[in-house]
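Chemist: make a model of this:
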Amino acid sequence: MAEYRFCPMCANPLAWLTQMEDGGETLRLRCTACDFTHWNNPTPVLAGIVQVGDQILLARNAAWPGRRFALITGFMEAGETPEEGITREIAEETNLKVSALKLIGVYDFQRMNQVIIAYHALAEGEVRLSPELAEYKMFDFKDLICWPAGTGYALGDWLRTIGIEPKFMSWEERAAQSQEANQDT
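Modeler: Reported below is the predicted structural model:
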């Protein structure tokens, strides 16, 4: 995540300054010349638990090290609803057509300054991955193992809605899995 150092309006250096807001004094990155404020608000990210038949599709991003698989995710674009955005992302990344969506929940992912809006998506069609994704796997519901972060919590919440108590891997298992996968490639 990049940190602003200069004002995008007038190019003067930004400084951490206290300002009065509705809740009292707050420290924000501001320009001393033109009063620009960098709010640093979280970015909305859409996530899809993509069900094809009786299985869930998880994919591996081409830029990720190791062989970690996760939900289909993407950034919401201006002018679209979250439902339109996740439908678009699923189509762009997998070539699948969404026939039904249900909101699972909203999750914070503070490490990346994001808010995740997660959906369960029923989809159909022939999977053809975009260049952004390296590979995918189909999982039976009972075989899904959740990861201890934003979209992993969404997957766990969805599993509970269908009567399956989710299994979560530990961060140590996640790190070992990545290291093991790197040795295999």
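
Chemist: lowest mean pLDDT among the helices and strands of this structure, which one is it?
Modeler: Every helix and strand of the chain was ranked by mean pLDDT, DSSP states H and E. The lowest is helix 171-184, at a mean of 51.

Chemist: ok but Leu159 is inside a strand, no?
Modeler: No: counting by DSSP: H, G, I helix; E, B strand; the rest coil, one finds Leu159 to be helix, located in no strand.

Chemist: what segments of this protein are strands?
Modeler: Along the chain, the stretches classed as strands by DSSP state E are 14-21, 24-31, 37-38, 43-52, 55-61, 72-75, 97-109, 114-124, 133-140, 145-146, 167-168.

Chemist: out of the ones you listed, which is closest to Glu83?
Modeler: strand 97-109 (5.5 Å; CB to CB). Placement of C-beta: from N, CA and C, glycine included.

Chemist: okay, now the sheet partners of that closest one, with direction.
Modeler: Looking at strand 97-109 with DSSP bridges, its partner strands are strand 114-124 (antiparallel).

Chemist: quick check: angle from the strand it pairs with to strand 43-52?
Modeler: Between strand 114-124 and strand 43-52, the angle comes out at 20 degrees (axes from the mean of the first three to the mean of the last three CA atoms, to 10 degrees).

Chemist: got the angle for strand 114-124 vs strand 55-61?
Modeler: 130 degrees.

Chemist: show me the shaky parts of the protein.
Modeler: Counting by pLDDT under 70, the chain has low-confidence residues at 1-2, 171-185.

Chemist: domains in it, by residue range?
Modeler: 1-40, 43-184 (automatic domain parsing).

Chemist: which of those domains is buried the deepest?
Modeler: The highest mean neighbour count among the domains of the chain, using mean count of other CB atoms under 10 Å, belongs to domain 43-184: a mean of 16.

Chemist: ok now it, how far from the chain's centre?
Modeler: Averaging C-alpha positions (CA atoms, centre = their mean, to the nearest Å) puts domain 43-184 8 Å from its chain's average.

Chemist: likewise for stretch 36-56?
Modeler: 4 Å.

Chemist: go on, stretch 24-44?
Modeler: Taking mean C-alpha positions (CA atoms, centre = their mean), stretch 24-44 and its chain are 24 Å apart.

Chemist: what about that stretch, start to end distance?
Modeler: The first residue of stretch 24-44 is 26 Å away from its last residue (CA to CA, to the nearest Å).
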